[in-house]
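Peer 1: dropping the sequence and predicted coords here.
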Amino acid sequence: MMTLRDRVGDGISNHPAISRIIEQHLIEYYCRGERSLKEACRSAQVDTEIVLGELHGVVSHNHNQHESNFATLSLTGTCDEIESTHYKYLKQELPRVKHLIAKVLSVHGDQHAWLLLLADFFDLLCEELNPHMFKEEQIL
């Protein structure tokens with residue numbers, strides 16, 4: 001479980017889902033991930049206990065989520081599970097990740113040319129995945 005002394009970057013590395021909570025509270029973590037959660041909350045002027053409680057809630061929720069046993073699902077059930085869980089997740093996260101890549105590129109692109117390649121490859125990935133998912137949703 002994350003504590004106020006833990007570094008924000010370490011918390012996100014260990015539990016990527018908490019990045020959404022960090023972002024909602026406007027806590028900057030891309031360039032300042034080495035700061036403790038307490039210091040980052042103070043800098044963003046947010047209540048540490050509220051943030052910590054929300055972070056623990058996300059970690060606990062993700063830990064307790066059930067995993068689908070595809071071996072026991074029908075073909076229709078498997079398709080429904082993939083669409084409602086995985087495709088839904090991708091549709092939410094791909095634009096978010098694209099925005100984060102653009103933000104990092106705008107700040108660090110001059111010093112790290114490979115970030116432009118990353119952005120280009122991510123765009124290609126999205127261009128491939130989005131029509132693929134749409135096609136599968138229509139066919140299956």
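Peer 2: Structure's in. What do you need?
Peer 1: how many neighbours does residue 134 have?
Peer 2: 11 (other Cβ atoms under 10 Å). Heads up, the C-betas are built off the backbone N, CA and C, glycines and all.
Peer 1: pLDDT (mean, whole number) over the one helix or strand it maps to?
Peer 2: Element membership for residue 134 (DSSP states H and E) is helix 114-139. Taken as a whole, helix 114-139 has a mean pLDDT of 93.
Peer 1: buried sites along it?
Peer 2: For helix 114-139, the buried set under the neighbour-count rule, 16 or more other Cβ atoms under 10 Å, comprises 115, 119, 122, 133.
Peer 1: what do you get for stretch 79-95?
Peer 2: Buried residues in stretch 79-95, counted by 16+ other Cβ under 10 Å: 82, 87, 94.
Peer 1: hmm, residue 126 and the last one touching each other?
Peer 2: Yes: Residue 94 is in contact with residue 126 according to Cβ atoms under 8 Å; the separation is 5.4 Å.
Peer 1: which of the buried residues of stretch 79-95 fall in helices?
Peer 2: Residues of the buried residues of stretch 79-95 located in helices (DSSP state H): residue 94.
Peer 1: sorry, back to before: widest-spaced pair of the buried residues of helix 114-139?
Peer 2: Across the buried residues of helix 114-139, the longest distance by Cβ to Cβ is 26.1 Å; it joins 115 and 133.
Peer 1: for the protein, just list every one of the helices.
Peer 2: 8-14, 19-24, 37-44, 48-64, 75-81, 88-108, 114-139.
Peer 1: turn these into a markdown table, including distance to residue 2.
Peer 2: Converted to a markdown table, the helices of the chain look like this (distance: least, Cβ to Cβ, whole Å):
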| stretch | distance to residue 2 |
| --- | --- |
| helix 8-14 | 5 |
| helix 19-24 | 10 |
| helix 37-44 | 6 |
| helix 48-64 | 5 |
| helix 75-81 | 30 |
| helix 88-108 | 20 |
| helix 114-139 | 27 |
